[in-house]
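Visitor: 3D model of this:
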Amino acid sequence: MCLIAFAIGASPRWPLVIAANRDEFLNRPTAPLARWTTDAGKEVISGRDLRAGGTWLGLSPGGRVAMLTNVREPHPVAGERSRGELVMRWLEGEMDAGQFMAQTDSAVYGAFNLVLGDFQSSAWHWLSNQSDPDGGPVKGWQACALKPGVYGLSNGALDTPWPKTRALKKALHQALDSDRQEDLQAGLWSALQDRKRPSDGHLPRTGVPLALERALSSVFVDFPEHGYGTRSSTLLVARAEESASPAVTWAVEVDEITHTHGPRHGAQRGAGSRCHLIWQQGGTSP
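Guide: You can find the predicted model right below:
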């Protein structure tokens, strides 16, 4: 996945909103968003990378959330293990972020960003195995706890102000003012399909060729000559619910649109691509 805007605790009506595009090679086998059971017997909601077995964004019925992007490098070094398994380890586990880092060797993965959230503890963290841009790899982890706010994450560090990251964050800020969920979702679906590319003077300088920098600069990437593009768009919206119980309760809806490229380009929803959950601190229900 290559672009995410997310809001945590930024609106009393919409306590969690995630808008994300996953960019990938068009021939990489992928299963769409669905509820499924892992080999460890844990239920998760996510898409799946059918080549390496992991995922780029997912959540658990109990309220754990994980989101992954790679870090763009001019000469990327393949990791010993797939980055997608980091998301699965969080969704299947019960550890907090500190324990997760202590139990995970970040050096065996290619360069990545990872956002970990836990509704039950109200804790959110950004993790990476890279230092600041241009700083190269670090030994161990770079991490920070996330306060309530609106964040953007692409293929640099958290909130690196690339044009497409700023554009999607702006759309999310505007969407949070919506009174109706339908309006919030419509604005974000539209923003996720924005193909406009910035001028060369506003492009990031990540060390890749200029033609590639241009092709990757839009919110929605369409690069069929390279066999690459935005494969899916995901939107998660949590609505704060009134409850007789004093426990915090959210109604959560997560939805995915898959995209095709080339002469027959289009978008569609899979039969199981929309999932509804109720998260309540101290418990959950499907």
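Visitor: drop to CA atoms for contacts and neighbour counts, all remaining ones
Guide: Will do.
Visitor: which parts of stretch 198-209 are buried?
Guide: Going by neighbour count (16 or more other C-alpha atoms under 10 Å), the buried part of stretch 198-209 is 203-204, 206.
Visitor: dump that stretch to PDB, keeping only the CA atoms.
Guide: Only the C-alpha atoms of stretch 198-209 are listed here, as PDB (Å, rounded to 0.1, in the frame of the first residue of the first chain):
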ATOM      1  CA  PRO A 198       1.800  17.800  -9.700                       C
ATOM      2  CA  SER A 199       4.300  19.800 -11.700                       C
ATOM      3  CA  ASP A 200       7.900  18.600 -11.700                       C
ATOM      4  CA  GLY A 201       8.900  21.400  -9.300                       C
ATOM      5  CA  HIS A 202       6.600  19.900  -6.600                       C
ATOM      6  CA  LEU A 203       7.700  16.300  -7.000                       C
ATOM      7  CA  PRO A 204       9.500  14.600  -4.100                       C
ATOM      8  CA  ARG A 205      13.100  13.700  -4.700                       C
ATOM      9  CA  THR A 206      13.500  10.100  -3.700                       C
ATOM     10  CA  GLY A 207      16.300   9.100  -6.000                       C
ATOM     11  CA  VAL A 208      14.200   7.200  -8.600                       C
ATOM     12  CA  PRO A 209      14.100   8.300 -12.200                       C
END
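Visitor: avg pLDDT for that stretch?
Guide: For stretch 198-209, the mean per-residue pLDDT is 95.
Visitor: ditto for stretch 234-248
Guide: Averaged across stretch 234-248, the pLDDT comes to 89.
Visitor: helix, strand or coil for the closest residue in space to Lys196 that isn't next to it in sequence?
Guide: Among residues not flanking Lys196 along the chain, Ser218 sits closest, at 5.6 Å (C-alpha to C-alpha, 6 or more residues apart in numbering). The three-state label for Ser218, taken from DSSP: H, G, I helix; E, B strand; the rest coil, comes out as coil.
Visitor: any low-confidence regions in the protein?
Guide: Scanning the chain for pLDDT under 70 picks out the ranges 1, 131-139, 263-272, 283-286.
Visitor: now do 90
Guide: Applying pLDDT under 90 to the chain flags residues 1, 74-78, 130-140, 242-247, 260-274, 281-286.
Visitor: please enumerate the helices of it.
Guide: Taking DSSP state H as the test, the helices found in the chain are 84-92, 97-102, 163-175, 181-192, 210-215.
Visitor: to Pro76, which of these lies closest?
Guide: helix 210-215 (14.4 Å; C-alpha to C-alpha).
Visitor: alpha carbons only: can I get that closest one in PDB?
Guide: Output of helix 210-215 as PDB, limited to C-alpha atoms (Å, rounded to 0.1, in the frame of the first residue of the first chain):
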ATOM      1  CA  LEU A 210      12.000  11.400 -13.000                       C
ATOM      2  CA  ALA A 211       9.500   9.400 -15.200                       C
ATOM      3  CA  LEU A 212       8.800   7.100 -12.200                       C
ATOM      4  CA  GLU A 213       8.600   9.900  -9.800                       C
ATOM      5  CA  ARG A 214       5.900  11.500 -12.000                       C
ATOM      6  CA  ALA A 215       4.000   8.300 -12.400                       C
END
